[in-house]
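Asker: Mind looking at a prediction? Sequence and model below.
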Amino acid sequence: SSGLPYDARKVTASLQRKGFLRRQNDHTFFHLIVDGKDAGIFTKISQGEREIGTPLAKKMQHQMQLPSSSDFRDFVDCPMSADEYLDLLRRNGHL
């Protein structure tokens, strides 16, 4: 069961597995930590969000500096490893 809408818990798990630190307030923020430092890349999911549909997935994709929606899907569904994500960010000048 890949693709839209995404289960918010699955997205959260993928973010945390791949180096994003979770910070909770009125939204749940995820900050990318690389070598112990905040890389300045973050995204957020609203409190109580159960499903992530196209508009939010697009927004998160841009916040995470992923070039395409298929990259976001690979990030969530796990063909893309944490190292591959960091490599992609480096290649595109975001790290």
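Answerer: Arrived safely, thanks for sending.

Asker: quick one: low-confidence ranges for this structure?
Answerer: Within the chain, the segments meeting pLDDT under 70 span 1-3.

Asker: all strands of it, in order?
Answerer: 6-7, 20-24, 27-34, 37-46, 51-52 (DSSP state E).

Asker: ok, the residue most central in space within the chain - contacts?
Answerer: Centroid-nearest residue in the chain, with CA atoms, centre = their mean: Leu15, separated by 4.9 Å. By CB atoms under 8 Å, 6 or more residues apart in numbering, the contact set of Leu15 is Arg22, Phe30, Thr43. For glycine as for every other residue, the C-beta is placed from the backbone atoms N, C-alpha and C.

Asker: Pull out the buried members of the residues you listed.
Answerer: Phe30, Thr43 (16 or more other CB atoms under 10 Å).

Asker: got the contacts of Leu15 as CSV, with distance to Gly53 columns?
Answerer: Listed next are the contacts of Leu15 as CSV, based on distance: CB to CB, whole Å:
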residue, distance to Gly53
Arg22, 21
Phe30, 18
Thr43, 15
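
Asker: now the strands of the chain as a markdown table including distance to Ser81?
Answerer: Formatted as a markdown table, the strands of the chain follow (distance: least, CB to CB, whole Å):
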| stretch | distance to Ser81 |
| --- | --- |
| strand 6-7 | 18 |
| strand 20-24 | 14 |
| strand 27-34 | 14 |
| strand 37-46 | 17 |
| strand 51-52 | 21 |
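
Asker: give me every residue that touches the residue lying closest to His31 once chain neighbours are set aside.
Answerer: Using CB to CB, 6 or more residues apart in numbering and skipping residues adjacent in sequence, the residue nearest His31 is Phe42, 4.5 Å away. Listed by CB under 8 Å, 6+ apart, the contact set of Phe42 reads Phe20, Phe29, Phe30, His31, Leu32, Gln63.
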